[in-house]
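Undergrad: sequence below, structure please.
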Amino acid sequence: QVQLVESGGGLVQPGGSLRLSCTISGFTLDYYAIGWFRQAPGAEREGLLCISTGNVKAYYADSVKGRFTISRDNAKNTVYLQMNSLKPEDTAIYYCATDWETYCTDDYSSWGQGTQVTVSS
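TA: Modelled structure (predicted):
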């Protein structure tokens, strides 16, 4: 069974950091690009970053440049989203996804269930 499972969310104070994990099961991470997305209450889903099989990284959102980074560990079948200098407006449910390609795309077909990130004092 193919699964993408996000973890690492929680409550953090403004200016703090979190590292989210997207752990893959049922397929080999080596062959696929993975993207991170988020959806805040009442807002549309927003693309954040993507990492290809060749470790090429793409940013979809200017709001996270310089604060969020993406990395992958194929041996652990896991993609990470390192989030620094968090702001209250980063509060959202964070999702990882794949479109079963080696490169980052504009459309993603398989999604995890999401992990909640809340930035608040």
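Undergrad: what helices and strands are in contact with the lowest-mean-pLDDT helix or strand in the chain?
TA: Ranked by mean pLDDT, DSSP states H and E, the weakest helix or strand in the chain is strand 57-59, scoring a mean of 88. In terms of contacts (3 or more CB pairs under 8 Å, 6 or more residues apart in numbering; DSSP states H and E), strand 57-59 is packed against strand 46-51. No exception for glycine: its C-beta is placed from N, CA and C like everyone else's.
Undergrad: mind listing what's buried in the strand it packs on?
TA: Applying a neighbour-count criterion of 16 or more other CB atoms under 10 Å, one finds 47-51 buried in strand 46-51.
Undergrad: nearest to Asp107, of those residues?
TA: If you rank the buried residues of strand 46-51 by distance to Asp107 using CB to CB, Gly47 comes first, at 10.2 Å.
Undergrad: ok, the closest one - contacts?
TA: Residues near Gly47 by CB atoms under 8 Å, 6 or more residues apart in numbering: 35-37, 60-61.
Undergrad: please identify which of those residues is nearest to Leu20.
TA: Proximity of these to Leu20 (CB to CB) peaks at Trp36, which lies at 7.4 Å.
Undergrad: so that closest one lies in a strand, does it not?
TA: Yes: the assignment for Trp36 is a strand, going by DSSP: H, G, I helix; E, B strand; the rest coil.
Undergrad: ok, the residue nearest to Lys65 when sequence neighbours are not counted to Phe68 distance?
TA: Once flanking residues are discounted, Lys65 sits nearest to Tyr59: 5.5 Å by CB to CB, 6 or more residues apart in numbering. For Tyr59, the distance to Phe68 equals 8 Å [CB to CB, to the nearest Å].
Undergrad: what does Lys76 give?
TA: Distance from Lys76 to Phe68, by CB to CB: 20 Å.
Undergrad: compare these two and say which is more crowded by neighbours.
TA: Phe68 (21 against 12; other CB atoms under 10 Å).
Undergrad: what's across from the more buried one in the sheet?
TA: Beta bridges link Phe68 to Met83, judged by DSSP bridges.
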